[in-house]
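Chemist: Let me see the structure of the following:
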Amino acid sequence: MPLTVTLEISDAELDYFRSVMSRVREHAGTRPPHEVALAATPKWRACVRVHARRSWPVASTASAS
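Modeler: Numbering: from 1, shown residues only. Model (predicted):
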């Protein structure tokens, strides 16, 4: 069963994600990937907890066939 997912990201959101990725790359430096993942895990969990409390708007364009 095929699944199609379409994401619409605004220019402002894209700029934000680019800046975050740039900072992450600078901060990670030459660390091996497993060290980066281990260091990020506690921060990621905290971030998920914070964002899970938010009410995100969801736009649905799915149509029943």
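
Chemist: Read off the pLDDT value for residue 6.
Modeler: In this model, residue 6 is scored at 94, pLDDT.

Chemist: One more: the one 4 residues further on?
Modeler: Taken from the predicted model, the pLDDT recorded for residue 10 is 92.

Chemist: What's the separation between it and residue 22?
Modeler: 18 Å (C-beta to C-beta, to the nearest Å). C-beta here means a position set from N, CA and C on the backbone, and glycine is covered the same way.

Chemist: Please apply the same query to residue 7.
Modeler: 21 Å.

Chemist: Tell me where this structure has strands.
Modeler: Counting by DSSP state E, the chain has no strands at all.

Chemist: which stretches of it form helices?
Modeler: 11-28, 33-52 (DSSP state H).

Chemist: so which of those helices comes closest to residue 2?
Modeler: helix 11-28 (26.7 Å; C-beta to C-beta).

Chemist: burial of residue 39, as a residue count?
Modeler: The number of residues packed near residue 39 is 13, by other C-beta atoms under 10 Å.

Chemist: what's the nearest residue to it if we skip its chain neighbours?
Modeler: Counting by C-beta to C-beta, 6 or more residues apart in numbering, residue 39 lies nearest to residue 31, which is 7.7 Å off, once chain neighbours are set aside.

Chemist: burial of the one you found, as a residue count?
Modeler: Residue 31 has 12 nearby residues by other C-beta under 10 Å.

Chemist: Residue 24 versus that one, what's the distance?
Modeler: 11 Å.
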